[in-house]
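Undergrad: Provided below are the primary sequence and the corresponding predicted coordinates.
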Amino acid sequence: MTRVLLWAFFAAAAPLVLWQHRLRERNALERLPDYILRDIGLHPAEVREETRKPFWRA
């Protein structure tokens with residue numbers, strides 16, 4: 001019974017962890033200056049598009 005509850009807890013928590021990770025990554029990406037974005041091969045318009053997505057959307 002305990003294993004089933006633990007499995008259910010972790011199964012329910014997995015999407016929350018993923019969403020939090022996406023939110024942090026997009027916030028960090030949004031704060032990068034344009035010259036660094038160009039250096040890593042990203043266009044500022046691509047970054048704006050990515051950072052405007054809701055955290056639950058990949």
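TA: Cool, got the structure. All values reported here derive from a predicted model rather than from experimental measurement.
Undergrad: Pull out the buried residues from the helix or strand where L16 lies.
TA: In the assignment (DSSP states H and E), L16 maps to helix 2-31. Of the residues in helix 2-31, 22, 26, 29 count as buried by neighbour count, 16 or more other C-beta atoms under 10 Å. No exception for glycine: its C-beta is placed from N, CA and C like everyone else's.
Undergrad: what's the closest non-adjacent residue to the first one?
TA: Same thing as R22. Distance criterion C-beta to C-beta, 6 or more residues apart in numbering; nearest residue to R22, sequence neighbours excluded, is F55 at 5.0 Å.
Undergrad: Residues touching whichever helix or strand comes after the helix holding L16, excluding its own?
TA: Next along the chain after helix 2-31, taking DSSP H and E as the criterion, comes helix 34-39. With C-beta atoms under 8 Å, 6 or more residues apart in numbering as the test, helix 34-39 has contacts from 43-44, 47.
Undergrad: next one: helix 34-39 to chain centre, how far?
TA: Its chain's C-alpha centre and that of helix 34-39 lie 20 Å apart, by C-alpha atoms, centre = their mean, to the nearest Å.
Undergrad: residue closest to the middle of this protein?
TA: R22 (0.8 Å; C-alpha atoms, centre = their mean).
Undergrad: quick one: which of the contacts of helix 34-39 has the most company?
TA: V47 (16 neighbours; other C-beta atoms under 10 Å).
Undergrad: Work out for me the element that one sits within.
TA: helix 44-51.
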